[in-house]
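>>> Need a 3D model of the sequence below.
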Amino acid sequence: MSQEVKRYDGSIKYLSKHPLYGTWGNIKQRCLNPNNGHYAHYGGRGITICERWKNSFKNFLEDMGEKPDSNYSIERINNDKGYSRENCKWATTKEQLFNRTNTLRYLYKGKNLTLKDWSKETGIKYQTLLRRSYSNWPIDMLLTTKPGPGNNYKMRELTQSEEK
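Below is the predicted model of the structure:
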């Protein structure tokens, strides 16, 4: 017997035919099925699906609601935690790009921003900040040194004579 849910327009639709049923199923596969191609990045590294959602699409739908539109997909707010009402939201692809495990984030003067956001904040080109980051510039210099002649600081080890 299929689960049913009342749609916001009052009509009844079988849950297995709901547009978000596949989203829910994919979450379960990534978290619970070791044979899934994405399992290593989800279940394999400890990402779980909450008990409330594990066996109930209806609960998932009640907690998440409908997608705002087709440009949105489910995102975990904290990338190291599992799928649950408290840790999930609908987000655009652009928003999700900033919530990846390989996104560079820098904490400076109480702000924790991505390098792209720091570029907007400081007016320094993203590529400049990225090069500085890979050259291990100290955070204050990375974000405050305006580009120009003579500002090509390179991180290096001090020799004994320089330390004195």
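>>> Burial check on residue 112, number of neighbours?
Residue 112 is flanked by 9 other residues according to other Cβ atoms under 10 Å. The way it works is simple: take the backbone N, C-alpha and C, and place the C-beta from them, glycine included.
>>> Not counting its neighbours along the chain, what's nearest it?
Once flanking residues are discounted, residue 112 sits nearest to residue 105: 5.8 Å by Cβ to Cβ, 6 or more residues apart in numbering.
>>> List the residues that contact the one you found.
112, 113, 114, 115 (Cβ atoms under 8 Å, 6 or more residues apart in numbering).
>>> Buried among those? Need that as a selection in ChimeraX.
This is the ChimeraX syntax for the buried subset of these, where burial follows 16 or more other Cβ atoms under 10 Å:
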select :113,114,115
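>>> quick one on the thing from earlier: and the residue nearest to residue 112, backbone torsions?
Note on residue 105: its backbone torsions stand at phi -130, psi 140 [degrees, to the nearest 10].
>>> could we number from 13 for the rest of this?
Will do, 13 is the new start, and the previous item becomes residue 117.
>>> Mind pulling up the pLDDT for it?
Model confidence at residue 117, expressed as pLDDT, equals 76.
>>> so it bridges to which residues?
Residues in a beta bridge with residue 117, per DSSP bridges, are residue 126.
>>> what about residue 121, how many neighbours?
So residue 121, with other Cβ under 10 Å, has 7 neighbours.
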